[in-house]
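Enquirer: Next input, structure requested:
(2 chains)
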Amino acid sequence: MNNNKTQWLRYTLLTLCSLFFVVPFGYAIYTSLLSKADIGKLVSISRLTLSNYSDILLNSDIRIWYMNSIIVTLGILVGNLLINTTAAYSLARLKYPGRGVVFFLIVGMMMVPYQVTIIPIYSMIVKLGWLNSYEGLILPFLFQGFLVFLMRQFFLSIPKELEEAAEVDGVTKIGTFFRIILPLSKGAIGTQIIFSFTGTWNSFVWPVTLVNDSRWYVLTVGLNTLKNRYFEWPNLTMTGVVLLTLPIIIVFLIFQRNLVQSIATTGLKG
Amino acid sequence: MRQRVSRLASSPIFVGYLFVAPILLLMGIWFYYPLLRSFLYSLQDVSFLNPSAAHFIGLDNYKAILHDPDFWNALRNSAWLTVIAVPAQTLIALVIAVGLNKVIRLRGVFRTLYYVPYITSTVAVTTVFMYLFMQREGIATRFFHLFGLQDVSWYASMTYALPFLTILTVWTYVGFYVVVYLGGLQTIPADVYESSTVDGANGWQQFWKITVPMLKPTTFLVLTSGIIYVMQVFDQPYALARNGSLGSPAGATSTIVVYFYSQAFSYNRAGYGSAAAFIIFVLIVIATMIQKRFTREEI
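Expert: Now for the predicted structure:
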């Protein structure tokens, strides 16, 4: 009896807490569906409209920003998956002189805040003529120390016997990696996808620094200017918010299954 | 030929180097070279507008920063944010995680609801919160007004802008730390609780005598990474300044990173900005070390 009561109390408290997190999203979605005349009012469902969405999609540069965000995010994602994963496997399982130094160089990056490198990188990008370009938005971000660390921790947890058996069967190291290790790593790769995708999609300080032409904005930067321009029209800015947030939530829901486990085993995002 | 390829592909040394070659190359270009460059900049008087006029001035940039009242204002804001937001988000996350760990139905749904703010764009979140905390119309402003707080647009008020930033920060990070704590809770073996129940311990005693001590390593991670994240707060003040100057209103939301960024990119002072960046770096290292010291002593 008592047990039932505490359980009920727990659910109530958890629900109350989740309200704190849900209300801002609810506000954003609701407001994005209001017509200009209804801003700030509580109206019935029948008065809600999708006209803000067509308005924003047709009359602003948001489609270009969407495309830029998708291209940049996918470009970095592919680079991350290839470069971080192979580096992590090399550090976890292949023995060679200098491996310790390489590991130190990669983990060392996790300690250093981006402020330390953004000024020279900005100068380099300017010199290369890559301001307002995909090169400038993608190439400096193809690798990530934290994700190498995450994948390495995962590879260390795979029993060595699998690779030893493969070696006896005459499978090469490269073959072992692609045909035996990668198929076992779907969960860890899913986590890497979440971190890389959300990190790039939401990234703001880099694109706002490396781009000054609105045709090269990514969505976060675009939304920020949209908000500054249409601040008096919450229905329009909230439409932008929903359009910016939706893809992230979808990607998260698809790949989240192993997230808790990965965070638990590696500690944290650095 | 074919045999040679296969022999190379079987050599751990060859494949090992092959697999780290791309990251070594990219790191060299996009991390270690800029790191070195930035350090040299920090000892130079150099502007983005006229880089060829650069010349070495020793530690003058660092000295000038330490004598700049704007820097101390930014540092005070960041410290305030850290001291309030980090303990708050840690405590809230711990309580939610412990509650969540004891329920089975809907656990995944709750976890997702708490986590989603963390993966939402900071610009989007700031935009939404600006409307929630707007004078007269904002739901949150009206709610807090019931408790005697002023009816103002929080993000534009000298008094309320920093608390606004704090609420924004806590709201963003709590869910992430709930998931981290859930991971930590999984490492506590169930029989510890079972045997303490046999010994007559109630839930409250279990929480303080078992859960909290056994979560100490997790708490250390949560506090350290919390401090590092909060010291990095930048997007939110950038977004809430709208078209005004960074740190609006009048420096009330200027964090150390905002200070860094406006020196570097609003005033084009590459050398001065680099020195500020290294000061932030040192602050983060110090924060991590203090944290480590404290947790170790308590164990």
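Enquirer: Break down the stretch 1-150 of chain B into its strands, ranges please.
Expert: Residue ranges of the strands in the stretch 1-150 of chain B, as given by DSSP state E, counting those that start in this stretch, are B:44-45, B:55-56.
Enquirer: strands paired with the first one, and their directions?
Expert: Right, the one you point to is strand B:44-45. strand B:55-56 (antiparallel) (DSSP bridges).
Enquirer: quick one: average pLDDT of the biggest helix by length in chain B?
Expert: What stands out as the longest helix in chain B, according to DSSP state H, is helix B:69-101. In this model, helix B:69-101 has an average pLDDT of 95.
Enquirer: got the buried residues for it?
Expert: Using 16 or more other C-beta atoms under 10 Å in any protein chain shown as the test for burial, helix B:69-101 gives B:71, B:73-75, B:77-78, B:81-82, B:84-86, B:88-90, B:92-94, B:96-101. For the C-beta atoms, the positions are set from N, CA and C on the backbone; glycine is no exception.
Enquirer: what subset of those is also close to chain A?
Expert: For chain A, the contacts drawn from the buried residues of helix B:69-101 by C-beta under 8 Å from any C-beta of the partner chain are B:92, B:96, B:99-100.
Enquirer: any chance of those in CSV, with distance to A:E164 too?
Expert: Output for these, formatted as CSV (distance: C-beta to C-beta, whole Å):
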residue, distance to A:E164
B:I92, 47
B:I96, 44
B:G99, 45
B:L100, 41
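Enquirer: Determine which two of these are furthest apart.
Expert: B:I92 and B:L100 (12.1 Å; C-beta to C-beta).
Enquirer: list the residues that contact both of the two?
Expert: When C-beta atoms under 8 Å, 6 or more residues apart in numbering or on different chains defines a contact, no residue borders B:I92 and B:L100 alike.
Enquirer: Pick out the residue nearest the middle of chain A.
Expert: A:T198 (1.2 Å; C-alpha atoms, centre = their mean).
Enquirer: quick one: low-confidence parts of the chain?
Expert: The chain I'm using is chain A. Within chain A, the stretches with pLDDT under 70 are A:1-2, A:258, A:260-270.
Enquirer: meant chain B actually
Expert: Low-confidence segments of chain B (pLDDT under 70): B:1, B:294-299.
Enquirer: Just the element for the residue of it found nearest chain A, please.
Expert: Closest approach between chain B and chain A, counting by C-beta to the nearest C-beta: B:G183, at 2.7 Å. Following DSSP states H and E, one finds B:G183 within helix B:161-186.
Enquirer: Just give me how far that helix sits from the chain centre.
Expert: 10 Å (C-alpha atoms, centre = their mean, to the nearest Å).
Enquirer: Please apply the same query to stretch B:275-284.
Expert: For stretch B:275-284, the distance to the chain centre is 15 Å (C-alpha atoms, centre = their mean).
Enquirer: now do stretch A:143-156
Expert: That offset, for stretch A:143-156, works out to 16 Å (C-alpha atoms, centre = their mean).
Enquirer: same check, this time on stretch A:137-147
Expert: Its chain's C-alpha centre and that of stretch A:137-147 lie 12 Å apart, by C-alpha atoms, centre = their mean.
Enquirer: Could you write out the alpha-carbon coordinates of that stretch in CSV?
Expert: Taking Å, rounded to 0.1, in the frame of the first residue of the first chain, the C-alpha atoms of stretch A:137-147 are listed here in CSV:
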residue,chain,number,x,y,z
LEU,A,137,32.3,25.5,-42.6
ILE,A,138,33.3,21.8,-43.0
LEU,A,139,37.0,21.1,-43.3
PRO,A,140,38.2,22.4,-39.8
PHE,A,141,35.6,20.2,-38.1
LEU,A,142,36.1,16.7,-39.7
PHE,A,143,37.6,15.2,-36.5
GLN,A,144,36.7,15.4,-32.8
GLY,A,145,38.9,14.3,-29.9
PHE,A,146,36.0,13.5,-27.7
LEU,A,147,34.4,11.2,-30.2
